[in-house]
Every structure is written in C-alpha cells, then in structure tokens.
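[1] I would like to see how this sequence folds:
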Amino acid sequence: MTSAHSCALATSLVVSLCFGLPMATAQPLSPVPRDVVQFSATATVEARQDQLSVTLRSTREGSDPLGVQEQLKAQLEAALVVARANAQPGAMEVRSGNFSLYPRAGRDGRISAWQGSAELVLSGRDFERIAATTGRIQGLTVAAVVFGLSGELRERLEQQAQAQAIERFRARAGEIARGFGFGSYTLREVGINSQEQGGMVRPRVMALEARSSAAEAPLPLEAGQAQVQVTVSGSVQLK
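    Modelled structure (predicted):
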C-alpha cells in the first residue's frame, strides 16, 4: 500500500468517525429574573377561648397489681356515672383518658409495690357545666386545665385573618411597585401559613391541688384570649 493511499484511507476513516458522533445540542439559558420582589404580610385576629378540657386523675398504690387495677376501675366507673349524667353534645363531652399500671422497685431491685393511675377527660364549650361536674366527681383530682379555640371559631378567625393578610399583601405590592417607579405588578408565587397562639399551639395548662371530696364546689375557671395569625408570603414581578 502506498503512502498516498494510506493517507487517503486514514482521512476517510476520520471523517466517518466524525459523522458517527452525535452532535451536541445547545441548551437555551434561562433568563435571570429581573424586577422581582419577595416579601410577606401578616394579619392577626383575636378572640376569647371557647373550648375547655379538664383532665381528672386517680392514683392508687399497693402490693397486688390486680387489686390496684380493680380500685382504679371502680373509681373511674363511679366518676363516669356522674359525668355521663351531665354530658351534652357540644357542651360537655366525656371520655376516659390514660390508664397505666407499673411496678416500683425497692432498694434491692425487686418489685416492692404497684402504682397505677386512671384519667377522665371532660371537654366542651359549656364552662359552667364542666366546672360543676368536676366539683361533683369524688376521688379524682384535677390534673390539668386546657383552654383553646373550637374548630368552628378557629376556622372563622382564620378566614378573617387570611382576608386581611391578602389585602395587606396586595397593598404592599402596589406600594413597592410605585416606590421603584413601576406602574403595576403581577403575582409570581404565593404561600399562606396560619397558626394559633394562646390556644392549641401554646395551651394554657394549670396543675391544681386536690379538692376536698366533701365540698363539691365548682372548679373556678377563667378563659383567656387566643390569636389566629395568618402570613401571606410570595414574590411579584414589577411591570
């Protein structure tokens, strides 16, 4: 094979390989957003708490676990009889809470006693009914009192706060556009977040001492204020 023929063969081989390779396609670059502003607006609506939950608890201790369990069951059943007689849908709901039984070890590491507890929960909107029923139940002490907002009230407050937050967001967007010398704006993206303060997010809980079983006095209660806060955050395109 002559050198000229070899050169021609090599040239044809290189060309065929070049044509066999896929050609890279250029990807268009995404335009960098310009004249885009990010900010947020918040609105808060306040209302008096209309939901109450009272937890009553009985504790027993003894050497026989079955005996302790039976004592707790009897105490809880007696309390349920009183509570159910005063229950009313929406005003006061009655349910059993935690029921636990566990051993206690002595210095030698062996089980020396058994301790248990049973809970009864009264919840609803009728504070006077719940307070009076709590005073009638014997043998159980008040473990916790929690105030909050009912689902209906919270939803209504959230709608009010959301409408205010959206209006504030729109007003601020217009102010920002005019401040930068633009005539208007368009909404690019938006997010809405809500939370309750003073209610279920941060519940008001009080631990109370045991009441006299003979007094049958209503539990003193005073609800506080709760806030529903809505924040609208997002970005707008200035035009």
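[2] rest of the way, CA atoms for contacts and neighbours
    Noted.
[3] quick check: mean pLDDT across the longest helix along the chain?
    Using DSSP state H to define each element, the chain has its longest helix at helix 151-179. Across helix 151-179, pLDDT averages out at 96.
[4] List the buried residues of it.
    154, 157-158, 160-162, 164-170, 173-174, 176-177 (16 or more other CA atoms under 10 Å).
[5] Let's test this: mean pLDDT of the helix or strand that that helix is followed by, rounded?
    Next helix or strand after helix 151-179 toward the C-terminus (DSSP states H and E): strand 185-197. Strand 185-197 shows a mean pLDDT of 92.
[6] helices or strands up against strand 185-197?
    helix 151-179, strand 225-238 (3 or more CA pairs under 8 Å, 6 or more residues apart in numbering; DSSP states H and E).
[7] Report the inter-axis angle for the longest one versus strand 225-238.
    In this case it means helix 151-179. 30 degrees (axes from the mean of the first three to the mean of the last three CA atoms, to 10 degrees).
[8] Go ahead and measure how far helix 151-179 is from the middle of the chain.
    Mean-position distance between helix 151-179 and its chain equals 21 Å (CA atoms, centre = their mean, to the nearest Å).
[9] That helix - contacts with which helices or strands?
    Partner elements for helix 151-179 (3+ CA pairs under 8 Å, 6+ apart): strand 36-48, strand 185-197, strand 225-238.
[10] can you redo these as TSV with mean neighbour count?
    Formatted as TSV, these follow (neighbours: other CA atoms under 10 Å):
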stretch	mean neighbour count
strand 36-48	17
strand 185-197	15
strand 225-238	21
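[11] Serialize those to CSV and add fields for distance to residue 61.
    Formatted as CSV, the helices and strands packed on helix 151-179 follow (distance: least, CA to CA, whole Å):
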stretch, distance to residue 61
strand 36-48, 41
strand 185-197, 39
strand 225-238, 39
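[12] Would you tell me which of these gets closest to residue 122?
    strand 36-48 (19.6 Å; CA to CA).
[13] how about the CA coordinates for the strand or helix carrying residue 56, as CSV?
    Secondary structure assignment for residue 56, by DSSP H and E: strand 51-62. Taking Å, rounded to 0.1, in the frame of the first residue of the first chain, the C-alpha atoms of strand 51-62 are listed here in CSV:
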residue,chain,number,x,y,z
GLN,A,51,-63.1,25.4,74.3
LEU,A,52,-62.2,23.8,77.6
SER,A,53,-60.7,20.5,78.5
VAL,A,54,-60.3,19.3,82.2
THR,A,55,-58.4,16.2,83.0
LEU,A,56,-59.2,14.4,86.3
ARG,A,57,-56.9,11.7,87.6
SER,A,58,-57.0,9.0,90.3
THR,A,59,-53.8,7.3,91.6
ARG,A,60,-53.6,4.1,93.6
GLU,A,61,-50.7,2.1,95.0
GLY,A,62,-50.5,-1.4,96.5
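[14] Given it, what are its sheet partners and their directions?
    strand 111-124 (antiparallel), strand 141-148 (antiparallel) (DSSP bridges).
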